[in-house]
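**Q** Okay, sequence plus prediction incoming.
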Amino acid sequence: MNQTELARIAKAMTAPGRGILAADESTGTIKKRFESIGAESTEDNRRGYRELLFTTPALAEWISGVILYDETLRQATKSGERFVDLLTRLGIVPGIKVDGGTKPLPNFPNEVITEGLDGLPARMADYHKLGARFAKWRAVITIGPDIPSTTCIEANAELLARYAAICQQAEIVPIVEPEVLMDGTHSIERCDDVTGQVLATVFDRLRAHRVCLEGMVLKPNMVISGLQASHRAGAELVAEATVRCLKRHVPVAVSGIAFLSGGQSESEASQHLDLMNRMEDLPWPLTFSYGRALQHSALEAWGGVAAQVHAGQREFSKRARLNSLARLGRYDRALEKSPA
Ligand code: 13P
C-alpha cells in the first residue's frame, strides 16, 4: 500500500474551498430524481445530465472530486471525451460508488445491511485502471423506537472496514460513509447518541483492519433532529453537536471529513457547514460531499430539456460556490437571494 499517495489524494479531496459532488445515484435512484422533474431515465438522458454537471464552467474552483456510478464512469461527453478524463484534466478527482446498495438485515426488522464485498478486489483493480482514485461505500443506520440494534451497527461497521482495507490495497482512497438517517421523529439528542455509537464502532473496526486513517475520508451525517420531529433544533445547535460528537469519536489522524446532506434543504446544508467552519481548533478539514443539496435546484432548472442546460448549470454553480464559501466559513445567507 502506498500510504503517501493515498494521503495525497485524500488531502486533495478536502482541500480549502473545495468539496465533493456526489453524482453516484444508482439507476433506480436517478430514475426517481428524473421522475420528480418529469424526465425519462434513458441512458442518454442520464449521460446528458451528468455532462451538464461536469461541464459547468469553473467547476474545479469549488469541486475537488466527483463520485460516479459504474455506468457514468464508462460514459463520455457528446464530443467523445470520457468523463473520467474530463474530470482529471480539470484537476477534479474521479471516484466510484462500489457498494451494491442495502438489503434487509435478516432477523432485524426495519434494519438494513450494505452488500457488495464479493469480488470487490478485482472490481477495485478495474476501477483504478479506468481512472478512479477514490471510492464510496454507504452503510445505513435507521433510528426508530427500538433501533438501531448493536448487531446492525457492528455488522455494517465490519463491512465498511473491510471495504476500506480493500480500497487501500488497490491504491484507492476509501470514503467511509456510515449514514444515520434523518427520517423519523427523533430528537437531536437521540441522533447524537446513535451517531456517537456508530462512529465509535466504525473506528474500532477500521483499526482492527489496519486501515490507514491518513488515507481515508469520513463521510458522516450531521447531528440533527429527525425530519418529522415536532421540534427541530436550530442551526447553531446542529453545528455545535456535530463537531462535539466528531471530536469525541473521530481520530485526529483522519485526513478529512466530508458531510452528506441526507435530506437537508440546500440552504440548511450550506449554513450548517459554514457554522462548523467558523469554529476554532477544528482537528480536520470539514467539507461537503453532497448529492441532493448540490443538485436539487439544478435538476429542476434543467427539467430534462436540452434548451435549459445552461439554466441547470447556473443553479449548480451557485450551490457549488455557496458550499465552497461554507467550507471556508464565509457563507452568508443573504447570498441565497443572489441570482444563479
Ligand atoms: P445526499 O447529500 O443527497 O445525502 O447524498 C450524498 C451521498 O452520496 C449519499 O450516499
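**A** Here it is on my side, so go on.

**Q** What strand or helix carries the closest residue to Leu213 other than its chain neighbours?
**A** Distances taken as C-beta to C-beta, 6 or more residues apart in numbering place Ala253 nearest to Leu213, at 4.0 Å, with adjacent residues excluded. Using the backbone N, CA and C atoms, a C-beta is placed for each residue, glycine as well. Using DSSP states H and E, Ala253 falls within no helix or strand.

**Q** quick one, phi/psi of the residue of the stretch 201-340 of the chain found nearest the ligand?
**A** Nearest residue of the stretch 201-340 of the chain to the ligand: Gly291, at 2.8 Å (C-beta to the nearest ligand atom). Taking degrees, to the nearest 10, you get phi -100, psi -80 for the backbone angles of Gly291.

**Q** Next, count neighbours for the residue lying closest to it once chain neighbours are set aside.
**A** Of all residues beyond its chain neighbours, the one nearest Gly291 is Ala22 (3.8 Å), with distances taken as C-beta to C-beta, 6+ apart. Neighbourhood size, Ala22 [other C-beta atoms under 10 Å]: 28.

**Q** beta partners of Ala22?
**A** With DSSP bridges as the criterion, Ala22 is bridged to Ile67.

**Q** Report the contact partners of it.
**A** Counting by C-beta atoms under 8 Å, 6 or more residues apart in numbering, Ala22 touches 67, 136, 260, 289-291, 294.

**Q** Show me where the stretch 151-300 of the chain dips below the pLDDT cut-off.
**A** Low-confidence regions of the stretch 151-300 of the chain, defined here as pLDDT under 70, do not occur.

**Q** Spell out which residues of it are next to the ligand.
**A** Counting by C-beta under 6 Å from any ligand atom, the residues of the stretch 151-300 of the chain close to the ligand are 177, 260-262, 290-293.

**Q** ok, now with 5 Å
**A** On the criterion C-beta under 5 Å from any ligand atom, the ligand has as its neighbours in the stretch 151-300 of the chain the residues 260-262, 290-292.

**Q** Turn these into TSV, including neighbour count.
**A** Formatted as TSV, those follow (neighbours: other C-beta atoms under 10 Å):
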residue	neighbour count
Leu260	24
Ser261	26
Gly262	20
Tyr290	26
Gly291	19
Arg292	18
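
**Q** Name the nearest residue to Glu5, ignoring sequence neighbours.
**A** Excluding the flanking residues, the one nearest Glu5 by C-beta to C-beta, 6+ apart is Glu171, at 6.1 Å.

**Q** what's around that neighbour, how many residues?
**A** 17.

**Q** now the residue sitting nearest the centre point of the chain, which residues is it bridged with?
**A** The chain has Ser289 as the residue nearest its centroid, 3.7 Å off, counting by C-alpha atoms, centre = their mean. Per DSSP bridges, the residues bridged to Ser289 are Ile20.

**Q** so how far is Arg327 from the closest residue to Met279 other than its chain neighbours?
**A** Nearest residue to Met279 in three dimensions, chain neighbours excluded: Val243, at 5.9 Å (C-beta to C-beta, 6+ apart). For Val243, the distance to Arg327 (C-beta to C-beta, to the nearest Å) stands at 15 Å.

**Q** Which residue ranges of the stretch 51-200 of the chain form strands?
**A** 63-68, 93-97, 102-104, 112-114, 134-141, 173-180 (DSSP state E, counting those that start in this stretch).

**Q** List the strands paired with the second one, with their directions.
**A** The strands beside strand 93-97 in its sheet (DSSP bridges) come out as strand 63-68 (parallel), strand 134-141 (parallel).

**Q** contacting residues for whatever residue of the stretch 51-200 of the chain ends up closest to the ligand?
**A** Of all residues in the stretch 51-200 of the chain, Arg138 sits closest to the ligand, at 4.2 Å by C-beta to the nearest ligand atom. Listed by C-beta under 8 Å, 6+ apart, the contact set of Arg138 reads 97, 99, 114, 177, 179, 219.
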